[in-house]
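Novice: Provide a 3D model corresponding to the input given below.
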Amino acid sequence: MKTSTYYYIRQKAIVHFMRIHIRPVPAGVILLVLLLLAGCNSKKITLNRLRTVNWTKLDTGIGYVSTRSGPTTGDSVRFRMVGFISIKGQVWPMEDEKITALLFFGDAISRSIKDKLPGSLRGYLRFNLQEMWRKEVTINVYLSPAYDTASIRADLEQIRQLPRVAAAGYVSKDSARKKYVADGNGDWSALLDENPLPSSIEIHLDGQEITEEQYKEIEAMIRNHVQGISDIAYPKILFGKWDGRYLIAEYRRD
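Specialist: Sure thing, here's the model as predicted:
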């Protein structure tokens with residue numbers, strides 16, 4: 001499940017399009033939520049009811065239940081946070097809470113819905129975040145304004161030679177903005193004078209399980225090879241113990 005996550009905090013722009021508050025991060029974060037809010041006129045299911053539905057596997061770590069089918073009129077998929085359900089059946093509604101989880105997976109989840117559920121317009125998703133992280137780890141290296149783009153080719157070649165690295169690519173500020181808008185989000189050009197997204201290097205590891213110590217070694221090598229890094233973001237949840245809670249989100253395909 002390839003992800004494309006230049007997804008920096010997008011702190012200035014996203015506030016205009018989300019009801020949730022993403023905590024400001026000095027130069028980069030791990031954000032885990034690509035849950036853009038959208039009004040849904042489909043059949044609603046309460047969080048308590050979702051405890052007992054039969055989830056069908058959509059992808060690694062993701063289950064789904066469709067609540068409305070029909071022809072699609074657009075190509076965007078929007079998400080709304082619903083809350084958490086534990087394996088013991090406890091529920092935590094969290095529509096207006098901070099999350100930190102799905103920005104790394106937003107593109108891949110949208111593609112899975114489009115490819116595997118072509119007739120589904122509305123429904124719910126259940127995420128086991130650690131299981132998702134284990135399939136592929138993506139590291140986002142956010143570059144400072146002072147970064148010399150003339151060295152990007154050499155930097156990418158060095159990164160691709162590092163152990164456990166499967167792929168690496170450069171995401172320019174403009175490419176990040178275009179991708180954000182193409183995903184169905186509003187264009188902030190009318191609200192902001194400058195593009196708030198930084199340029200970045202997106203690194204995909206080889207999909208094998210990785211320990212925190214191994215990750216730290218890779219990060220140290222990245223910092224040693226690349227000058228002008230403002231921050232490095234990676235899925236920290238990968239290295240903790242799963243707390244037995246599933247993240248629940250509602251999806252809407254336009």
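
Novice: in the helix or strand where residue 133 lies, what's buried?
Specialist: Assessed by DSSP states H and E, residue 133 sits inside helix 129-135. Residues 129, 130, 132, 133, 134 are the ones in helix 129-135 that count as buried (16 or more other Cβ atoms under 10 Å). The C-beta positions use only the backbone N, C-alpha and C, and glycine is treated the same way.

Novice: how about stretch 235-250?
Specialist: Here stretch 235-250 shows 235, 237, 238, 245, 246, 247, 248, 249, 250 as buried, counting by 16+ other Cβ under 10 Å.

Novice: now do the strands in the stretch 101-250 of the chain.
Specialist: Counting by DSSP state E, counting those that start in this stretch, the stretch 101-250 of the chain has strands at residues 120-127, 138-143, 165-171, 200-205, 229-233, 245-253.

Novice: give me whichever of those is most buried.
Specialist: strand 138-143 (a mean of 25; mean count of other Cβ atoms under 10 Å).

Novice: and that strand, which strands flank it?
Specialist: Applying DSSP bridges to the sheet, strand 138-143 is found paired with strand 200-205 (antiparallel), strand 229-233 (antiparallel).

Novice: for the strands of the stretch 101-250 of the chain, give me a markdown table that also has mean pLDDT and distance to residue 71.
Specialist: Formatted as a markdown table, these follow (pLDDT from 0 to 100; distance: least, Cβ to Cβ, whole Å):
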| stretch | mean pLDDT | distance to residue 71 |
| --- | --- | --- |
| strand 120-127 | 92 | 8 |
| strand 138-143 | 92 | 33 |
| strand 165-171 | 95 | 33 |
| strand 200-205 | 93 | 34 |
| strand 229-233 | 94 | 38 |
| strand 245-253 | 87 | 11 |
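
Novice: mind checking which of the ones you listed is nearest residue 56?
Specialist: Closest to residue 56 of the strands of the stretch 101-250 of the chain is strand 120-127 (Cβ to Cβ; 9.9 Å).

Novice: can I get the CA coordinates of the helix holding residue 133 in CSV?
Specialist: Written as CSV, here are the backbone C-alpha positions of helix 129-135 (Å, rounded to 0.1, in the frame of the first residue of the first chain):
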residue,chain,number,x,y,z
LEU,A,129,-3.0,1.3,12.8
GLN,A,130,-0.1,-0.8,13.9
GLU,A,131,-0.9,-3.5,11.4
MET,A,132,-1.0,-0.9,8.7
TRP,A,133,2.3,0.6,9.7
ARG,A,134,3.9,-2.8,9.6
LYS,A,135,3.1,-3.3,5.9
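
Novice: tell me the mean pLDDT over that helix?
Specialist: Averaged across helix 129-135, the pLDDT comes to 73.

Novice: quick revisit: can you list the buried residues of stretch 235-250 in JSON lines and add distance to residue 158?
Specialist: Shown next, in JSON lines, are those (distance: Cβ to Cβ, whole Å):
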{"residue": "235", "distance to residue 158": "23"}
{"residue": "237", "distance to residue 158": "28"}
{"residue": "238", "distance to residue 158": "24"}
{"residue": "245", "distance to residue 158": "39"}
{"residue": "246", "distance to residue 158": "39"}
{"residue": "247", "distance to residue 158": "36"}
{"residue": "248", "distance to residue 158": "41"}
{"residue": "249", "distance to residue 158": "38"}
{"residue": "250", "distance to residue 158": "42"}
